[in-house]
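[1] Here is a sequence with its predicted model. Questions after.
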Amino acid sequence: MVANEKATENKNISIKREAAEKRELCFEDEACIGCGICEQICPVDAIELGPMGAIVRGELDASKINIDESKCVLCGMCSVGCPVEAIDFTIDGKPISEIEEYPRLIRSISPEAENCVYCGACDIACPQGAIRVMRELPERAKLVTGEIEVDKDACISCGMCEDMCPADAIYLEENIPTSSNPEIATDIVIDKDKCVYCGICKRICPEDAIKVICKACPYGEYEIEEAEVKGDLVVDEDLCINCGWCQEICPKDVFEVEKPFEGELIINEDACQGCETCIDVCPCNVLSFPESSESGQIASKIQKDEKYCIYCGACQNVCATNAITVKRTGVNITPTKSKAWKKAVDSLKFSDEKAGSSSSGAAKAKSEGK
Amino acid sequence: MAYRLVVHPELCHGCGNCVVACPVNASKSTEVAGGKGPQEDVGLSIIVEDGVVRINQLKECKNCATCIKACPVGAIGLEEV
Amino acid sequence: MPKHIVSGLNYLAAINLRKEGYLQKEIAEALGMDRSTVSHYINGRNISWDSIEIAEVLSKLCPEDFLKITYTLTKDTTKTRIIIKTLKDFNFRPKVKDSCIGCGLCVDTCLMGAVELNNLKAQIDSNWCCGCRMCESRCPTNSIEILEVEETEGL
């Protein structure tokens, strides 16, 4: 009888069965967001989700899921259901995402890089660190033009210009006065790459020791080089979980994101005890503790913004007081001819009577009855 | 691989942070949030008794680790069962 | 001794194949034997009656035992398939239910090579199914049903 071979490396798991075909499943712990969809979809209960609250908080060093190789039949359903491609499944070396018979979750991120102005908002907001904005700014000195001169004989080294300069372009080399060198500064230096010729130094100088002319204004802006910002927007699709933060925060509509699931996130505030586990676990930064509008006011216990939610269900799994319900209503997936697979996909959707739809016969009778 | 909450009474200082932090406890009795705790057994997960931490029952414990986070002396952990 | 039992099985298979109208050459190829040996068998110059008797007993065992013993003796899937197919007493109608998830365990289990996957569902070739039911017992979703049918059906 062909048995499965299991290997674990760090927290990654691989399970393999080699016979008529070579089927191999590889779980990558780092990519896993702990949503538990694999556990939910597995037809033979071979997958168990770990205590995600403890794991994301660093209180337990363990794999996010465990797969029982004696139960696993290497069907590939977990891989198809995983919204973050943390489970790779190959048949004879070919990923099932490339085999037409298998359904595939539809999710995408499409950046229109030419519209990007490199503001960096997406880079900061992305909860998975999947976006990098790198930019190269022009030299400041090329965007202004003027002249500045210090009459060092007239300068009394008071340092007022240094204190006032908004561009930090003036620097006094300080000195402790001694009988041999009774000066409080040995030199005054102007950094012309920083100076914007604003003239504040000239106006503050008690000795009229500084002369400044700004040439930009009288000559008009046209004489000066265009300010050109060069940059690069890099999206790592392997890290992206399609939460939509970039799409929402981008001022230039650079991003279009397709989410794998549709649904509704319901929080029962009465049941919530504010333990913060869901906030720590949510891979999309959907949840947060709100700040009260003024002192003494009690804000709501927890705040959600469903714009960023992918309805993965990770929050619901960790909530100890059942205060969260993720009602997944739609699964964005390519079609399959297999009835068993269709049913498995449908099982990811929320239903009020989960118990009543366990056998295919019952499901068939139900759909015919409609 | 299943996990279960364990306490190490020998490390416990009896501060009661875990009792207050535990969301299951808080949902069982409003007195928990006040730091005192109810006198009768209302099914709290983790309690401090005679100055020492004790697991009362783990029926509703989801291993969220909020108590572990709250413990200043590492007297609570998870173990494989 | 195992060699003798295999000879017995070969003998029975050769005789049956001849009855089905196959040529000596074809029989020799299918069973991996010399043409002269096939010719001996068919012309009644046979091997020991004991070997044939044992082979006959084997072929009357339940299909799973017959299959497993034959495979253990021959250590050759191609040969096993032909012998079993030729000597099986009953025909089987395998049914795969829609609950099949296409995990391929049955494909890996079937020594007769009767199963393949099509659109994430197992397809069992009734011509090759020997009724051993190993796929049925291995199936994680209980999606396979092997029914015994009258010998004449489908021929």
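    Perfect, I can see it now.
[2] can you list the residues that contact stretch A:266-275?
    Residues from elsewhere that reach stretch A:266-275 (CB atoms under 8 Å, 6 or more residues apart in numbering or on different chains): A:289, A:300-302, A:304, A:319-327, B:21-23, B:26-27, B:64, B:66. To be clear about C-beta, it is placed using only N, CA and C from the backbone, and glycine gets the same treatment.
[3] at 6 Å what do you get?
    A:301, A:302, A:321, A:323, A:324, A:325, B:23, B:26, B:27, B:66 (CB atoms under 6 Å, 6 or more residues apart in numbering or on different chains).
[4] likewise stretch A:225-235?
    Contacts for stretch A:225-235 (CB under 6 Å, 6+ apart): A:109, A:111, A:113, A:116, A:118, A:131-138, A:142-143.
[5] hmm, back to that, for the contacts of stretch A:266-275, which single residue is the most surrounded?
    The residue in these with the most neighbours, by other CB atoms under 10 Å in any protein chain shown, is residue B:66 (30 neighbours).
[6] picking up where we left off before, could you give me the PyMOL syntax to select whichever of the contacts of stretch A:225-235 are buried?
    Buried residues among the contacts of stretch A:225-235 (16 or more other CB atoms under 10 Å in any protein chain shown), as a PyMOL selection:
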select buried, chain A and resi 109+111+116+118+131+133
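[7] Outline the domain layout of the chain.
    No chain was given, so I picked chain A. A:5-98, A:140-219 (automatic domain parsing).
[8] wait, I meant chain C there
    Following automatic domain parsing, one finds the domains of chain C at C:2-75, C:91-149.
[9] Comparing those domains, which comes out most buried?
    domain C:91-149 (a mean of 19; mean count of other CB atoms under 10 Å in any protein chain shown).
[10] Now look at that domain and say if it contacts chain A.
    Yes - applying CB under 6 Å from any CB of the partner chain, one finds domain C:91-149 in contact with chain A at C:98, C:99, C:100, C:101, C:103, C:105, C:107, C:108, C:119, C:120, C:121, C:140.
[11] Farthest-apart pair in these, please.
    C:98 and C:108 (21.2 Å; CB to CB).
[12] related to what we said a few turns ago, for the residues of domain C:91-149 next to chain A, give me a markdown table that also has secondary structure.
    Output for the residues of domain C:91-149 next to chain A, formatted as a markdown table (DSSP: H, G, I helix; E, B strand; the rest coil):
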| residue | secondary structure |
| --- | --- |
| C:98 | coil |
| C:99 | coil |
| C:100 | coil |
| C:101 | coil |
| C:103 | coil |
| C:105 | helix |
| C:107 | helix |
| C:108 | helix |
| C:119 | coil |
| C:120 | coil |
| C:121 | strand |
| C:140 | coil |
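[13] Which two of the contacts of stretch A:225-235 have the greatest separation?
    Top of the distance list for those (CB to CB): A:109 and A:142, 35.5 Å.
[14] Contact partners for the residue of chain C at minimum distance from chain B?
    For chain C and chain B, the shortest gap (CB to the nearest CB) falls at residue C:140, measuring 21.2 Å. Contacts for residue C:140 were tallied using CB under 6 Å, 6+ apart; they are A:44, A:73.
[15] pLDDT wise, what is it at?
    For residue C:140, the pLDDT comes out at 95.
[16] And the one 10 residues further on, by the same measure?
    We note a pLDDT of 70 for residue C:150 in this prediction.
[17] What's opposite the closest residue to it other than its chain neighbours in the beta bridge?
    In space, and not counting its chain neighbours, residue C:150 is closest to residue C:91: 7.2 Å by CB to CB, 6 or more residues apart in numbering or on different chains. Bridge pairing for residue C:91 (DSSP bridges) gives the partners residue C:149.
[18] Against residue A:348, how distant is the residue sitting furthest away from the middle of chain C?
    Residue farthest from the centre of chain C, counting by CA atoms, centre = their mean, is residue C:99 at 27.2 Å. From residue C:99 across to residue A:348, the span is 17 Å (CB to CB, to the nearest Å).
[19] Pick out the least confidently modelled helix or strand of chain B, by mean pLDDT.
    helix B:30-33 (a mean of 81; mean pLDDT, DSSP states H and E).
[20] Summarise which helices and strands that one is packed against.
    helix B:23-28 (3 or more CB pairs under 6 Å, 6 or more residues apart in numbering or on different chains; DSSP states H and E).
[21] Not counting the helix it packs on itself, show me its contacts.
    So helix B:23-28 is contacted by A:273, A:275, A:320, A:321, B:19, B:32, B:33, B:42, B:43, B:44, B:45, B:60 (CB under 6 Å, 6+ apart).
[22] just to revisit the earlier point, next helix or strand past the least confident helix or strand of chain B?
    strand B:46-49 (DSSP states H and E).
[23] tell me the mean pLDDT for that next one?
    Mean predicted confidence for strand B:46-49 is 90.
[24] Likewise for stretch A:24-37?
    So the average pLDDT for stretch A:24-37 ends up being 96.
[25] which residues are in contact with that stretch?
    Residues contacting stretch A:24-37 (CB under 6 Å, 6+ apart): A:11-16, A:49, A:52, A:63-64, A:81, A:84, A:86-90, A:283, A:312-314, A:317.
[26] CA atoms only for that stretch - export them in CSV, please.
    Only the C-alpha atoms of stretch A:24-37 are listed here, as CSV (Å, rounded to 0.1, in the frame of the first residue of the first chain):
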residue,chain,number,x,y,z
GLU,A,24,3.1,16.7,-3.3
LEU,A,25,1.8,19.2,-0.9
CYS,A,26,4.1,21.9,0.6
PHE,A,27,2.9,24.2,3.4
GLU,A,28,4.9,27.4,3.9
ASP,A,29,4.4,28.7,7.4
GLU,A,30,5.5,32.2,6.8
ALA,A,31,2.9,32.8,4.1
CYS,A,32,0.1,31.4,6.3
ILE,A,33,-2.3,33.9,7.8
GLY,A,34,-4.1,31.4,10.0
CYS,A,35,-7.5,31.7,8.5
GLY,A,36,-8.3,28.0,8.9
ILE,A,37,-9.9,27.6,5.5
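[27] Any buried residues in it, and which?
    Result for stretch A:24-37 [16+ other CB under 10 Å]: buried residues A:24-29, A:31-37.
[28] any low-confidence regions in chain A?
    Along chain A, the model assigns pLDDT under 70 to residues A:1, A:217-223, A:353-370.
[29] Within range of chain B, give me the residues from it.
    A:51, A:53-54, A:57, A:59-60, A:66, A:273, A:275, A:277, A:318, A:320-321.
[30] how about those in JSON lines, adding distance to residue A:199 and secondary structure?
    Conversion of these to JSON lines gives the following (distance: CB to CB, whole Å; DSSP: H, G, I helix; E, B strand; the rest coil):
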{"residue": "A:51", "distance to residue A:199": "64", "secondary structure": "coil"}
{"residue": "A:53", "distance to residue A:199": "60", "secondary structure": "helix"}
{"residue": "A:54", "distance to residue A:199": "61", "secondary structure": "helix"}
{"residue": "A:57", "distance to residue A:199": "55", "secondary structure": "coil"}
{"residue": "A:59", "distance to residue A:199": "59", "secondary structure": "coil"}
{"residue": "A:60", "distance to residue A:199": "62", "secondary structure": "coil"}
{"residue": "A:66", "distance to residue A:199": "70", "secondary structure": "strand"}
{"residue": "A:273", "distance to residue A:199": "61", "secondary structure": "coil"}
{"residue": "A:275", "distance to residue A:199": "58", "secondary structure": "coil"}
{"residue": "A:277", "distance to residue A:199": "58", "secondary structure": "helix"}
{"residue": "A:318", "distance to residue A:199": "60", "secondary structure": "helix"}
{"residue": "A:320", "distance to residue A:199": "64", "secondary structure": "coil"}
{"residue": "A:321", "distance to residue A:199": "64", "secondary structure": "coil"}
